[in-house]
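Participant: have a look at this fold, sequence not included:
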């Protein structure tokens, strides 16, 4: 049986990508390999065997994330094997299962777990995935909506849960969301607003996307330049909590501006991986910096986050922030995503 997929092939020498190609190909099922986290298949991309516990999916939708765009563009640090089907999200129906928990026809989803990095991912019509990482698509969510939430929305909810573990409540004051027009930011604003928080959206597109962000529930919209310039380690207290998808100087300023005993979550590094700050926000104000790892969450945490997304994210808002494309449109959209020209969530229809 044949299927279509986005395939990346590249040659790496001494840590640098020397040759790179990304295209849609027609492949045979045998091409897929259910591999471990260090090898997505044999060197020539042929079948290396199907491990016990794996599940074959007929993919219905995937998502297009910033990390996927990096891999498709040939940027280093994402694709760790070649050839590789990118796509860190996948939603589909079980076709065959080596895992007793899953039966043909079950609607399932998976984020992270090495998809699109060290094992073949979701930008395809077929996928083979580890059964022990799968989550059932929650009742009330369509396959398209589950893909629209994807890793971005999953990360946003993990961040909200971390803020709640820090005892953050709406009565304590405003919560700021950076990278607000992106996938993580869009879902975070919608969820936090529904939970009753006064949400401040920070965006480099504050003027052009202001109406969109307010439509998601943001009470205020500010330009990212308010947070992107270097400042002292302790600044005026502005935020009860913060959800940061940017990193770098922006994250340092958020820490410096957070109220005593507030929590700041960090889930992105579009603004840089360095953190130019001191320990003063932590030891003088008791601020907590909570790192969010959406790739290796245990199953219980995955199920909790998805259950909350099904209950705390307005489906109408989700649909309004979602754009649907085909596999053939992935490449142009990935370029726009890297250039900051895509807002909300993009889903990829498999067939």
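Facilitator: That came through, no problem. As the structure is a prediction and not an experimental result, all values here were calculated from the model.
Participant: next one: residue 288 from residue 325, what distance?
Facilitator: According to C-beta to C-beta, to the nearest Å, residue 288 stands 38 Å off from residue 325. Glycine gets a C-beta too; all of them are placed from N, C-alpha and C.
Participant: so which of the two has more stuff around it?
Facilitator: Taking other C-beta atoms under 10 Å, residue 288 and residue 325 do not tie; residue 288 has more neighbours (18 against 14).
Participant: residues of the longest helix seen in the chain that come out buried?
Facilitator: Counting residues, the longest helix found in the chain (DSSP state H) is helix 143-165. Under the neighbour-count criterion of 16 or more other C-beta atoms under 10 Å, helix 143-165 has 143-163 buried.
Participant: partners of the helix or strand following it, with directions?
Facilitator: The helix or strand immediately downstream of helix 143-165 is strand 175-177, counting by DSSP states H and E. With DSSP bridges as the test, strand 175-177 is paired with strand 199-203 (parallel), strand 239-244 (parallel).
Participant: can you list contacts of strand 175-177?
Facilitator: Under the contact criterion C-beta atoms under 8 Å, 6 or more residues apart in numbering, strand 175-177 has outside partners 163, 168, 185, 188-189, 192, 197-202, 218, 222, 227, 238-243, 245, 254.
Participant: can you give me the helices for the chain?
Facilitator: Secondary structure of the chain (DSSP H): helices located at 66-73, 143-165, 183-194, 210-216, 225-228, 248-257, 280-284, 299-312, 315-320, 330-338.
Participant: format those helices as CSV; extra columns: distance to residue 124 and mean pLDDT.
Facilitator: Putting the helices of the chain into CSV (distance: least, C-beta to C-beta, whole Å; pLDDT from 0 to 100) gives the following:
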stretch, distance to residue 124, mean pLDDT
helix 66-73, 12, 94
helix 143-165, 13, 97
helix 183-194, 20, 96
helix 210-216, 31, 96
helix 225-228, 37, 96
helix 248-257, 34, 98
helix 280-284, 44, 98
helix 299-312, 22, 96
helix 315-320, 24, 95
helix 330-338, 11, 95
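Participant: looking at these, which is buried most?
Facilitator: Of all the helices of the chain, helix 183-194 carries the top mean neighbour count, a mean of 28, counting by mean count of other C-beta atoms under 10 Å.
Participant: tell me the contacts of the closest residue to residue 334 other than its chain neighbours?
Facilitator: Closest residue to residue 334 apart from its sequence neighbours, by C-beta to C-beta, 6 or more residues apart in numbering: residue 69 at 3.8 Å. By C-beta under 8 Å, 6+ apart, the contact set of residue 69 is 333, 334, 335, 337, 338.
Participant: which two among those residues are spaced furthest apart?
Facilitator: The largest distance within these, taken as C-beta to C-beta, falls between 333 and 338 and amounts to 9.9 Å.
Participant: still on that earlier bit, closest one of the contacts of residue 69 to residue 270?
Facilitator: Using C-beta to C-beta, the shortest approach to residue 270 within those belongs to residue 338, at 10.0 Å.
Participant: contacts only, for that closest one.
Facilitator: Contacts for residue 338 (C-beta under 8 Å, 6+ apart) come out as 66, 69, 70, 73.
Participant: in this structure the first one contacts residue 334, no?
Facilitator: I take that to be residue 66. No - in this structure, residue 66 is not within contact of residue 334 by C-beta atoms under 8 Å, at 9.2 Å.
Participant: pLDDT below threshold where in the stretch 51-200 of the chain?
Facilitator: Within the stretch 51-200 of the chain, the segments meeting pLDDT under 70 span 51-52.
Participant: nearest spatial neighbour of residue 291, chain-adjacent residues omitted?
Facilitator: Sequence neighbours aside, residue 266 is the residue nearest to residue 291 in space, at 5.5 Å (criterion: C-beta to C-beta, 6+ apart).
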